[in-house]
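Engineer: Quick one, fold the following:
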Amino acid sequence: MNVPEESGKTGGKRLQAYLASCGLGSRRACERYITEGRVLVDGRIAELGQRVPEAAEVRVDGKTVHPQERLRYILLNKPAGYLSAMSDPEGRRLAVDLLREAVPERVYNVGRLDQWSSGLLLFTNDGNLAARLGHPSGGFEKEYEVFADKDLPEAFFREFAAGVLVDGILYKAASLTRSGGRRARVTLIEGQNREIRRVLAHWDIRALSLRRVRIGPISIEGLPEGNWRELEPEEVAQLESPTEARSR
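Structural biologist: Numbers count the residues shown, from 1 in each chain. Predicted coordinates:
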């Protein structure tokens, strides 16, 4: 029996939770680190689901990692043109760069906004909360302001609310409100990649601006573009609640 290996599997916090507490991403992202063989526990290649003893040394890509003591919850009003990514081989501007000088902890974005969309983007080093917000079962509404290059037809509102099939994918909004000939508010729950832009393109319409203004109870109202703020404790509590504050 190999005692050190067994002790690593049976004592302490589960490895994916430990990595998330180190600010390496959501538990799902941390599971990928493990399955890709990038994680060592006391010099041994780690296994998914093993536990981390209190005194263990954990390395990711050769670097020792430690749980972060301070959890950060940050709301950024992302300008258009910034990527929702932690790095970019092409050297494009990153939303996280707007935080790095003032936020020493390694925070990462929860979900994404495409490069040319703006508005509410959350950052945290709390892997548990990131996983909850990113999973469809969380049921958090995401509200967007749309400004199109032409008037929006009634069919856009009617069919998007009922469910519209675009390139073999069904898209369905939770709610839509017209706020002008070329303007609308669209609320999604699950939200798929570039969903609103793809549905607009179905009617040969292009979004001149697409701005996320709310996730669940959290709004960017009063926060200038390019600025950020810490979430209030009650806002974090609302996001952590399994039953409350999915919407305003």
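Engineer: Any stretches of this structure with poor pLDDT?
Structural biologist: Across the chain, the stretches falling below the confidence threshold (pLDDT under 70) are 1-11, 69, 135-138, 242-248.
Engineer: Got the domain ranges for it?
Structural biologist: With domains defined by automatic domain parsing, the chain comprises 3-64, 73-137+217-240, 141-215.
Engineer: As a markdown table, those domains with mean neighbour count would be great.
Structural biologist: C-beta: built from backbone N, CA, C; applies to glycine. Formatted as a markdown table, the domains of the chain follow (neighbours: other Cβ atoms under 10 Å):
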| stretch | mean neighbour count |
| --- | --- |
| domain 3-64 | 17 |
| domain 73-137+217-240 | 17 |
| domain 141-215 | 16 |
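Engineer: The residue nearest to Asn227 when sequence neighbours are not counted: which element?
Structural biologist: Nearest residue to Asn227 in three dimensions, chain neighbours excluded: Asn77, at 5.8 Å (Cβ to Cβ, 6 or more residues apart in numbering). Taking DSSP states H and E as the definition, one finds Asn77 inside strand 73-78.
Engineer: Okay, now the sheet partners of the following helix or strand past that strand, with direction.
Structural biologist: Note on strand 73-78: by DSSP H and E, the next helix or strand toward the C-terminus is strand 108-110. Using DSSP bridges, the strands paired with strand 108-110 are strand 118-124 (antiparallel).
Engineer: If I take the partner strand and strand 73-78, what angle do their directions form?
Structural biologist: Counting by axes from the mean of the first three to the mean of the last three Cα atoms, to 10 degrees, strand 118-124 lies at 160 degrees to strand 73-78.
Engineer: what's next to strand 118-124, contact-wise?
Structural biologist: Residues outside strand 118-124 that contact it (Cβ atoms under 8 Å, 6 or more residues apart in numbering): 71-80, 84, 95-96, 99, 103, 107-113, 130, 133, 144-145, 209-215, 218-220, 225, 228, 231.
Engineer: With only the CA atoms kept, save the lengthiest strand in the chain in PDB.
Structural biologist: In the chain, assigned by DSSP state E, the strand with the most residues is strand 207-215. In PDB, the C-alpha atoms belonging to strand 207-215 read as follows (Å, rounded to 0.1, in the frame of the first residue of the first chain):
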ATOM      1  CA  ALA A 207     -26.200  45.700 -33.500                       C
ATOM      2  CA  LEU A 208     -24.500  49.100 -33.500                       C
ATOM      3  CA  SER A 209     -24.100  48.700 -29.800                       C
ATOM      4  CA  LEU A 210     -25.000  45.900 -27.400                       C
ATOM      5  CA  ARG A 211     -24.700  46.600 -23.700                       C
ATOM      6  CA  ARG A 212     -25.300  44.300 -20.800                       C
ATOM      7  CA  VAL A 213     -26.900  46.300 -18.000                       C
ATOM      8  CA  ARG A 214     -27.900  43.600 -15.400                       C
ATOM      9  CA  ILE A 215     -27.100  40.200 -14.100                       C
END
